[in-house]
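Asks: Okay, here's the prediction I keep looking at, along with the sequence it came from:
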Amino acid sequence: MELSESVQRGLQSLADLSVFDQSGFQVLVDASFRSLLSSHADPGVLDQPEFKRIDQILLKQSHTAATTFILEAVKQNADKSTISSCLEELTFSAERIEIFYSAYQKHKKELGRLLASIGRRAPQINDVSWRLQYHTKNGQVDKVNEPFYSISLNAENEGSSEDINFTCTVEQLQDLVGKLKDAAKSVEKASQM
């Protein structure tokens, strides 16, 4: 894995026994995985008692380096030998490599799903077809006598085409058209800024 100099320095600080003792190392690794998996930013993730004696700038650099390394490892689907050799080059002890790798194994799938969800876009609508239909009766009531629309959206997502079909009443269709107009105005305003 290719890592920037700042990430390498942060990881070397994390490997240094004089900076992070064993419990501090374990807590920082856990905090790094927690901060990546948390749905909201937790400003107190580094406010642990184990970190009180560590320089806050060095702590933040090490945390950033650890999270960057974790994401890079997940992105490349790194195995134990890749992670071990990379951390050995950065002077990690065998015990610390094992602690890191076990946490990585524990959270790898969840982080993989998180990374896979980034950058996906909604399908692009290419065509719309519709048909007005009329309900005359149903199984519970003899006469219903209400119109409804059968709508088919031809959408394309990442090269594959699919049809999205649904039905709606006149009121629901009017509501949908109003929301689409509002969305179009919002996009137009945003593009003018």
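Replies: Arrived safely, thanks for sending.
Asks: Please, which helix or strand holds the most centrally placed residue in the chain?
Replies: Nearest residue to the geometric centre of the chain (Cα atoms, centre = their mean): Leu114, 3.7 Å. If you go by DSSP states H and E, Leu114 is part of helix 94-117.
Asks: In that helix, which residues are buried?
Replies: Arg96, Ile97, Ile99, Phe100, Tyr101, Ala103, Tyr104, His107, Lys108, Leu111 (16 or more other Cβ atoms under 10 Å). C-betas here are computed from N, CA, C, even on glycine.
Asks: Near Leu11, how many other residues are there?
Replies: Neighbourhood size, Leu11 [other Cβ atoms under 10 Å]: 24.
Asks: next one: Thr67
Replies: There are 17 residues near Thr67, going by other Cβ under 10 Å.
Asks: quick one: contacts for the spatially closest residue to it that is not a sequence neighbour?
Replies: Excluding its sequence neighbours, the residue lying closest to Thr67 (Cβ to Cβ, 6 or more residues apart in numbering) is Ser32, at 4.9 Å. The contact partners of Ser32, taken as Cβ atoms under 8 Å, 6 or more residues apart in numbering, are His63, Ala66, Thr67, Ile70.
Asks: With distance to Ser191, pLDDT and secondary structure as extra columns, can I get these in CSV?
Replies: Listed next are those as CSV, based on distance: Cβ to Cβ, whole Å; pLDDT from 0 to 100; DSSP: H, G, I helix; E, B strand; the rest coil:
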residue, distance to Ser191, pLDDT, secondary structure
His63, 37, 90, helix
Ala66, 39, 92, helix
Thr67, 33, 92, helix
Ile70, 36, 93, helix
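Asks: What about those residues, which one has the most neighbours?
Replies: When neighbours are counted by other Cβ under 10 Å, Ala66 leads the contacts of Ser32 with 25 neighbours.
Asks: who does Asn154 bridge with?
Replies: Asp127, Asp163 (DSSP bridges).
Asks: hey, where'd the helices end up in this structure?
Replies: Per DSSP state H, the chain carries helices over the ranges 5-15, 22-37, 56-75, 80-89, 94-117, 170-192.
Asks: Put together JSON lines for these, with distance to Asp127 on each row.
Replies: Output for the helices of the chain, formatted as JSON lines (distance: least, Cβ to Cβ, whole Å):
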{"stretch": "helix 5-15", "distance to Asp127": "47"}
{"stretch": "helix 22-37", "distance to Asp127": "40"}
{"stretch": "helix 56-75", "distance to Asp127": "36"}
{"stretch": "helix 80-89", "distance to Asp127": "47"}
{"stretch": "helix 94-117", "distance to Asp127": "28"}
{"stretch": "helix 170-192", "distance to Asp127": "15"}
